[in-house]
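Undergrad: sequence first, then the predicted structure:
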Amino acid sequence: MIRIVDTILVAAAISGAIWTYQIKHEADQSAKRIASLHSQIKAQDRKIALLEADWAIDISPARLEKVAEQFKEQLGLRELSSSQIIQLSELPGFRVDRDAPTEEIYANENDDIVTGGIDAIIERENGN
């Protein structure tokens, strides 16, 4: 009887050792994978920082001015005239939700600026 109990205990100890080794091996593999992912994340962060620096150089006003001057003829660029700049009060009001799709909305109550759907614009142009 004692030999059977001893055999069972030895088998349980061996099973426990094997199971512990498997868990340790899986933990080591997971740790290696996590370390690999961390290194990939750091590499991507460095790449993003480099791309952001390149972007900052590409869109710097001094560089854009040089490029605009260099390709002025091909792009058909002209200087900005003062008539192209408007005041904030000259802009139409914000679009708001309304019940009827062709309902006209005034930017201000005392303003003549009308905004609305395309149907309202067509009706206004046709004099309806």
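TA: Noted; the coordinates are in hand.
Undergrad: now do stretch 37-48, average pLDDT.
TA: For stretch 37-48, the mean per-residue pLDDT is 96.
Undergrad: got the contact list for it?
TA: By Cβ atoms under 8 Å, 6 or more residues apart in numbering, the list of residues contacting stretch 37-48 from outside is empty. Any C-beta I mention is one placed from the backbone N, CA and C, and that applies to glycine too.
Undergrad: just the C-alpha atoms of it, please, in PDB.
TA: What follows is stretch 37-48, C-alpha atoms only, in PDB (Å, rounded to 0.1, in the frame of the first residue of the first chain):
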ATOM      1  CA  LEU A  37       7.000  44.800 -28.800                       C
ATOM      2  CA  HIS A  38       8.500  47.500 -26.600                       C
ATOM      3  CA  SER A  39      11.500  47.800 -28.900                       C
ATOM      4  CA  GLN A  40       9.200  48.000 -31.900                       C
ATOM      5  CA  ILE A  41       7.200  50.800 -30.200                       C
ATOM      6  CA  LYS A  42      10.300  52.700 -29.400                       C
ATOM      7  CA  ALA A  43      11.400  52.400 -33.000                       C
ATOM      8  CA  GLN A  44       8.100  53.600 -34.200                       C
ATOM      9  CA  ASP A  45       8.200  56.600 -31.800                       C
ATOM     10  CA  ARG A  46      11.600  57.500 -33.100                       C
ATOM     11  CA  LYS A  47      10.300  57.200 -36.700                       C
ATOM     12  CA  ILE A  48       7.300  59.400 -35.800                       C
END
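Undergrad: and the spatially most central residue of the chain, helix, strand or coil?
TA: Nearest to the mean C-alpha position of the chain, by Cα atoms, centre = their mean, lies residue 48 at 13.6 Å. Three-state assignment for residue 48 (DSSP: H, G, I helix; E, B strand; the rest coil): helix.
Undergrad: phi, psi for residue 59 please.
TA: Residue 59 has phi and psi values of phi -100, psi 10 when expressed as degrees, to the nearest 10.
Undergrad: try residue 91
TA: Reported as degrees, to the nearest 10, the phi and psi values for residue 91 are phi -80, psi 150.
Undergrad: likewise residue 71?
TA: Residue 71 adopts backbone torsions of phi -110, psi 30, taken as degrees, to the nearest 10.
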